[in-house]
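>>> Just a sequence and a predicted model for now, questions to come.
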Amino acid sequence: DMDLISFLISLFKEYYPWALGFIMVYDMPWIFNTAWKVVKSWLPAEGADRIKFVDRETITNYVPRENLPEYMGGKEKLPFREYTWDDVDFLVNAASPKVISERIPRTKEIEEFYRSRFGMFEARSTTATEDAVTLIKVEPETDLVFNADEPDINKHIGSVVLTNTSDTHVAFKIKTNNIDGYKVKPFFGIIPLNSTVSVNVAQNPGSEFHASDKLLIMTTGIDTLEITPRELIDHWRAVAKESIKEHRLRCVNPGLTTSKISPETKEQC
């Protein structure tokens, strides 16, 4: 997949040169030699040195034997547990800037590179962290469970309760990454001080549902309740990105990775 390789080269060259140590190619079949010559011609001069062709004997120059799987001459027993898409989705969404920063090897040059381009390694105030935690309470907190294989239409409706736990009014809006699969009402509005709003989430008949389906709940403080829907839309357009807090909620269909509401359910709808 040469398009993918070209993209990866640009990615590391332009954005993450400090994050890449080596790319190890293990026991490359000779049939790929011609392709490698093409790829090498795309690389910057220092990039070719990052590619290491290794075999069972030479890989230990880079990876200790105790950390290698048995088929590479190491001591780690198979099988490794394969990550599911749900695992990957959770890891991506759970990785805060702090967690990501801690995973990057740190030198003065690396910190300056990420600080100047991505705003990482900056000191974060505890107040900002507390605001993100206490602006609202979301129930359920992590998973909204449906039963997409059930004929009962009531099994395809969920409820999310948003409670204002801050010291001001809170504007909210909700998005989904599966816009054909779900209807959210209300999908935006205001939660007054010391108040609660109930949001109904309904699965659309005949739509496909996936393990990666989720809701994104965005909130921000607002000073007044005297505001029209159009003014609220304008408020969201004007609000600073750093003032928006986000909460992700997975839409879960137990036992299913991809499913559709049954025809019987569709008739009831």
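Arrived safely, thanks for sending.

>>> pLDDT of stretch 175-185, averaged?
Confidence for stretch 175-185, expressed as mean pLDDT, is 89.

>>> Please identify the buried residues of it?
By neighbour count with 16 or more other CB atoms under 10 Å, stretch 175-185 contains the buried residues 176, 178, 181-182, 184. (Glycine included, C-beta is placed from N, CA and C.)

>>> now Ile217, which residues is it bridged with?
The partner list for Ile217 in beta bridges (DSSP bridges) reads Ile174, His247.

>>> Make 29 the starting number, not 1.
Renumbered: residue one is now 29, and that last one reads Ile245.

>>> now it: how far from Arg278?
Using CB to CB, to the nearest Å, we find Ile245 at a distance of 12 Å from Arg278.

>>> Please verify my assumption that Asp83 contacts Tyr54.
Yes - under the criterion of CB atoms under 8 Å, Asp83 makes contact with Tyr54 at 7.2 Å.

>>> Pick out whichever of the buried residues of stretch 203-213 sits closest to Val67.
When the buried residues of stretch 203-213 are compared for distance to Val67 (CB to CB), Asn206 wins out at 36.4 Å.

>>> Return the distance of the closest residue to that closest one other than its chain neighbours relative to Cys279.
Counting by CB to CB, 6 or more residues apart in numbering, the nearest residue to Asn206 once its immediate chain neighbours are dropped is Asp241, at 4.7 Å. Using CB to CB, Asp241 is found at 4 Å from Cys279.

>>> what sits in contact with each of the two?
Counting by CB atoms under 8 Å, 6 or more residues apart in numbering, the shared contacts of Asp241 and Cys279 are 204, 206, 209-210.

>>> State the pair within those that is farthest apart.
The most widely separated members of the shared contacts of Asp241 and Cys279, counting by CB to CB, are Thr204 and Gly209 (7.2 Å).

>>> quick one: common contacting residues for those two?
Taking CB under 8 Å, 6+ apart as the contact criterion, the common neighbours of Thr204 and Gly209 are 241, 279.

>>> Which residue ranges of the stretch 79-228 of the chain form strands?
When secondary structure is read from DSSP state E, counting those that start in this stretch, the stretch 79-228 of the chain shows strands at 79-82, 164-167, 171-173, 185-192, 197-204, 210-213, 216-219, 224-231.

>>> Just the closest of the buried residues of stretch 203-213 to Pro233, please.
Checking these against Pro233 by CB to CB gives Gly209 as the nearest, at 10.3 Å.

>>> quick one, what contacts the closest one?
With CB under 8 Å, 6+ apart as the criterion, the residues that contact Gly209 are 231-232, 235-238, 241, 279.

>>> Ramachandran angles for it?
With angles defined as degrees, to the nearest 10, Gly209 shows backbone torsions of phi -90, psi -20.

>>> which residue packs closest to it, ignoring adjacent ones?
Leaving aside its chain neighbours, Gly209 sits nearest to Ser235 (4.2 Å; criterion: CB to CB, 6+ apart).

>>> so how many other residues sit close to the one you found?
Using other CB atoms under 10 Å, Ser235 is surrounded by 17 other residues.

>>> my read: it touches Thr204, true?
No - here Ser235 does not reach Thr204: they are 11.1 Å apart, not a contact under CB under 8 Å.

>>> Spell out which residues are contacts of both of those two.
Looking at what touches both Ser235 and Thr204 (by CB under 8 Å, 6+ apart), the common residues are Tyr210.

>>> what's the most buried one of the strands of the stretch 79-228 of the chain?
Most buried of these, by mean neighbour count (mean count of other CB atoms under 10 Å): strand 197-204, with a mean of 20.

>>> Which strands and helices lie in contact with that one?
strand 185-192, strand 210-213, strand 216-219, strand 242-250, helix 257-266 (3 or more CB pairs under 8 Å, 6 or more residues apart in numbering; DSSP states H and E).

>>> Between those, which one is closest to Val91.
Of all the helices and strands packed on strand 197-204, the one in closest proximity to Val91, counting by CB to CB, is strand 242-250 (35.4 Å).

>>> Please name the residues that touch the residue nearest to Asn206.
Applying CB under 8 Å, 6+ apart to Asp241 gives the contacts 204-206, 209-210, 278-279, 281.
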